[in-house]
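Trainee: only the shape, not the letters, is given here:
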């Protein structure tokens, strides 16, 4: 079987990676990997099992038996844990913070690394969304995009998402959570959040999702045509 084309989209939380990768996968008819969801699900499963997020050994054991799958539907990508839809449960601010804590453990990342790479099997193409897709998980990806945006813009987007889902949103608290998470992700000793040397850096701060998608497709077509 021919090697799958892999497109990675890395960047901080709130930059728009989820929406961009979903639209790219649909447009290109590629499979999708939301790596952030893997860490969110692991943190959620660990909490549900009564495990401490600093207990690296127990987290590794949980990671090895994690039954995770993605179900792409018309209304978006649904995340399933043991065939239970946990999409809403893992999209809270708390879940994001917990995922960042889990991802900071080197042995946990190692345990989940091969599982992420396996998503590129049995498909013609894969769009991978994460923070280290182009640097660690798929270092030889065909196209690498680093999607960024200012912390303030990302906080506004997150507040809007929360409000649209009927939840209360405090801008200052959301902004602090985002900045704290950025600091952890950018300064962690293993797989820090940095653009790959050969990544296209795309700042979405002043762009609509349609403009971001158009630019991403332009970059992808240019890279794959060469």
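Mentor: Nice, I can see it. Nothing here was measured: the structure is a model prediction, and the numbers come from that model.

Trainee: which parts of the lowest-mean-pLDDT helix or strand in the chain are buried?
Mentor: Comparing helices and strands within the chain by mean pLDDT, DSSP states H and E singles out strand 68-73 as the least confident, with a mean of 79. Residues of strand 68-73 classed as buried: 68, 70 (neighbour count, 16 or more other CB atoms under 10 Å). The way it works is simple: take the backbone N, C-alpha and C, and place the C-beta from them, glycine included.

Trainee: elements contacting that strand?
Mentor: Counting contacts by 3 or more CB pairs under 8 Å, 6 or more residues apart in numbering; DSSP states H and E, the secondary-structure elements packed against strand 68-73 are strand 31-34, helix 35-48, strand 76-81.

Trainee: adjacent strands (with direction) for it?
Mentor: strand 76-81 (antiparallel) (DSSP bridges).

Trainee: just the angle between the partner strand and helix 35-48, please?
Mentor: Taking axes from the mean of the first three to the mean of the last three CA atoms, to 10 degrees, one finds strand 76-81 and helix 35-48 inclined to each other by 40 degrees.

Trainee: who's in contact with strand 76-81?
Mentor: The contact list for strand 76-81 (CB atoms under 8 Å, 6 or more residues apart in numbering) reads 18, 22, 32, 34, 37, 40-41, 44-45, 66-72, 85-87, 90.

Trainee: now swap in stretch 100-115 and tell me
Mentor: Contacts of stretch 100-115 from elsewhere in the structure, counted by CB under 8 Å, 6+ apart, are 38-39, 42-43, 46, 53-54, 56-57, 59-60, 63-64, 66, 68, 131, 136-137, 181, 184-185, 188-191.
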